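J.: Sequence isn't available, so here's the structure alone:
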Ligand SMILES: Nc1ncnc2c1ncn2[C@@H]1O[C@H](COP(=O)(O)OP(=O)(O)OP(=O)(O)O)[C@@H](O)[C@H]1O
């Protein structure tokens, strides 16, 4: 009998039993389940919830209580809700919507908190300004912030009801921003006994997934609540310190846990093949030495590191060569089908370049208030092109005249019910619409590639679709920025100018970029970010590591691969990100590192024992 076949694949089930034992409404016990990637923590969470609903569903319903679950993303919320069949005794939310649900409506207390906090922030900025050099960009920003915070402080009494949207930009004068909502809820939970009782009364059990990245102030506050209400409240933390990739999380979480906490553990990795587990164990070794064991039925799997020159001219082509190499090595042809692989990039811009929507992306990404909408596809000025123009152009290209007619009937003001009803000559009106369509589509004649701006100009002239608010100043030049400038404030004027410039650049980009952009933001692209795949898994994973292209400062693969000693903050945060990305692979893993010192990278990974020498390929394969 081999060592592998002696492994009991159920060896960790005692952790689930221990957790079930903790979740007893009459004698609740808090627990801390921290275990490596793919060990089934999310699965344990769902099992724990199943146990509670089966055992205590009736009692919870009778008492009007729920089990609270906090997950990291909206997608994770949806997934857990789906698995629990949307059971009403379980309330799954993201940290922001959870925090807001605690404090929403406490307008007086929020106002007083803001009064103190804004005054402190202004003092801090003034102190910095007194120390810093004047006349610099940083100084101008500080002065502008002092002014806007001062104005907000002065207006506080006029706000009757504070508002907040966990997924929005929260720009209005009565809106709280994301970090305020977290800080306020944490402070109230720390300091107000009534808030603590409300929380415990609502949720006798509160479970937090990925808690290594949960805001440290909130984690501290929840520990306080647990210590005061330990007889009636169980806090369950699930996570993995090795997967802490946001700076919000609490360092050293889990150290010095109170004695009454249970600490179930898990040793198996159910997701990755043996070779990947070997790699992630090594990467983790210097951090906490935790080693995972593969399942008895796990495959051997494949890992290759490709070290490519940092100045590779055509990176997408090099990555296709890597995929081809992987297909031949593994005998798995799906490596050559981009739809079947996941390529992980550090920054959205890297996907934009590879997929061909760089110009429109870069233009709009400059404006902070556009970013959320740009990344989830909800930005109105982009939706105008993605949801109205794109379907129309596609239908026309497929020669689907019915679809063209339907789209225009549904959304064109030219054919709105009122327009047709009151038109003196309906046939004329229909002709007008037909002409507008053919004028728009003529922009593509002779294989031209119109820009967003050319399309906008055409639509504005024909009236085929209503032009969204944000694009109107660009169309009606008379409603120009000078109008804002006269009576606007400096801050607002700057913001408007920045937006106008971004929109102008966006309009100069080719409309053909909208299609790959839509694919990317709908999550259907084979690209995703290193951070965005936390919690997910894929059969074939390619991790693209390129510090220069990512231009980030938090992570540096060059430092991880021998540029700096272990222990350096950016080495350690990059090591954790590297652990997260490698551990997503179910079958095979290709790591692509662009470096100006390929030999140093190779020597480093061999010395560390992360790879065998035949697993490291320097240069573009096949070249
Ligand atoms: N006991 C088990 N038996 C069989 N498969 C399991 C078991 N536990 C987990 N799995 C499978 O292993 C994979 C990883 O599980 P899960 O996502 O719950 O792990 P995790 O610890 O939350 O991972 P990570 O921290 O990497 O996000 C999933 O495909 C899951 O279905």
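T.: Yes, it's here. Just so we're clear, the structure is a prediction, and the values are computed from it rather than from any experiment.
J.: Only C-alpha atoms from now on, for both contacts and neighbour counts.
T.: Will do.
J.: for residue 216, what are its contacts?
T.: For residue 216, the contacting residues are 248-250, by C-alpha atoms under 8 Å, 6 or more residues apart in numbering.
J.: That one and residue 251: what is the separation?
T.: Distance of residue 216 to residue 251, given as C-alpha to C-alpha, to the nearest Å: 8 Å.
J.: thinking again about what came up before, between the contacts of residue 216, which is nearest the ligand?
T.: Comparing those against the ligand with C-alpha to the nearest ligand atom places residue 249 closest, at 15.4 Å.
J.: For the closest one, which non-adjacent residue is spatially closest?
T.: In space, and not counting its chain neighbours, residue 249 is closest to residue 213: 4.1 Å by C-alpha to C-alpha, 6 or more residues apart in numbering.
J.: How far off centre is the helix or strand hosting residue 303?
T.: Using DSSP states H and E, the element containing residue 303 is strand 302-309. In terms of C-alpha atoms, centre = their mean, to the nearest Å, the centre of strand 302-309 is found 27 Å from the chain centre.
J.: which strands and helices sit next to that strand?
T.: helix 274-285, strand 585-595, helix 598-607, strand 616-618 (3 or more C-alpha pairs under 8 Å, 6 or more residues apart in numbering; DSSP states H and E).
J.: and with 10 Å instead?
T.: Here strand 302-309 touches helix 274-285, helix 315-330, strand 538-545, strand 585-595, helix 598-607, strand 616-618, going by 3 or more C-alpha pairs under 10 Å, 6 or more residues apart in numbering; DSSP states H and E.
J.: what does the one helix or strand residue 396 maps to rub up against?
T.: Assigning secondary structure by DSSP H and E places residue 396 in helix 390-397. Here helix 390-397 makes contact (C-alpha atoms under 10 Å, 6 or more residues apart in numbering) with 383-386, 389, 398-408, 437-438, 440-441, 444, 511-512, 514-515, 518.
J.: Weed out the non-buried ones from the residues you listed.
T.: Applying 16 or more other C-alpha atoms under 10 Å to these, the neighbour count classes 383-386, 389, 403-405, 407-408, 437, 440-441, 511, 514-515, 518 as buried.
J.: tell me, which of the residues you listed make contact with the ligand?
T.: When C-alpha under 6 Å from any ligand atom is applied, no member of these is adjacent to the ligand.
J.: among those, which are in strands?
T.: Assigned to strands by DSSP state E, none of the buried ones among the contacts of helix 390-397 qualify.
J.: Domain map for this structure?
T.: The record's domain parsing of the chain by automatic domain parsing lists 4-102+185-269, 105-161, 274-346+530-618, 358-519.
J.: okay, the helices and strands packed on strand 302-309 in TSV with mean pLDDT and mean neighbour count next?
T.: Converted to TSV, these look like this (pLDDT from 0 to 100; neighbours: other C-alpha atoms under 10 Å):
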stretch	mean pLDDT	mean neighbour count
helix 274-285	97	20
helix 315-330	96	18
strand 538-545	96	22
strand 585-595	96	24
helix 598-607	94	17
strand 616-618	96	18
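J.: Kindly state the pLDDT recorded for the residue nearest to residue 280 when sequence neighbours are not counted?
T.: Distance criterion C-alpha to C-alpha, 6+ apart; nearest residue to residue 280, sequence neighbours excluded, is residue 579 at 6.0 Å. At residue 579, the predicted lDDT confidence score is 97.
J.: you'd agree residue 579 is in a strand?
T.: No - counting by DSSP: H, G, I helix; E, B strand; the rest coil, residue 579 falls outside a strand, being helix.
J.: which ones are touching it?
T.: Residues near residue 579 by C-alpha under 10 Å, 6+ apart: 36-37, 242-243, 279-284, 573.
J.: same question, residue 574
T.: Listed by C-alpha under 10 Å, 6+ apart, the contact partners of residue 574 are 245, 554-561, 568, 580.
J.: at 8 Å instead, please
T.: With contact set as C-alpha under 8 Å, 6+ apart, residue 574 has these partners: 554-557, 560.
J.: can you tell me which residues contact residue 180?
T.: With contacts defined as C-alpha under 8 Å, 6+ apart, residue 180 has no neighbours.
J.: Confirm that it sits in a helix.
T.: Yes - counting by three-state DSSP, one finds residue 180 located in a helix.
J.: confidence score at it?
T.: Per-residue confidence (pLDDT) for residue 180: 95.
J.: just residue 205 next, same as before
T.: Residue 205 carries a pLDDT value of 97.
J.: again, but for residue 551
T.: Looking at residue 551, its pLDDT reads 69.
J.: 58 is where my numbering starts, stick with that
T.: Renumbered: residue one is now 58, and that last one reads residue 608.
J.: circling back: out of the domains of the chain, which is closest to residue 232?
T.: Residue 232 lies closest to domain 162-218 among these, at 8.9 Å (C-alpha to C-alpha).
J.: Quick check: end-to-end length of that closest one?
T.: Where domain 162-218 begins and where it ends lie 7 Å apart, using C-alpha to C-alpha.
J.: hmm, back to that, please dump the domains of the chain into CSV; it should also carry distance to residue 230 for every row.
T.: As requested, these are exported to CSV (distance: least, C-alpha to C-alpha, whole Å):
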stretch, distance to residue 230
domain 61-159+242-326, 17
domain 162-218, 7
domain 331-403+587-675, 31
domain 415-576, 13
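J.: Identify whichever of these lies nearest to residue 231.
T.: When those are compared (using C-alpha to C-alpha), the closest one is domain 162-218, at 5.8 Å.
J.: my read: residue 500 touches residue 508, true?
T.: No - look at residue 500 against residue 508 with C-alpha atoms under 8 Å: they stay out of range, at 9.4 Å.
J.: which among the contacts of residue 636 are in contact with the ligand?
T.: Among those, the ones lying near the ligand by C-alpha under 6 Å from any ligand atom are 93-94.
J.: Just name the closest of the contacts of residue 636 to residue 486, please.
T.: Once C-alpha to C-alpha is applied, the member of the contacts of residue 636 that ends up nearest residue 486 is residue 300, at 60.7 Å.
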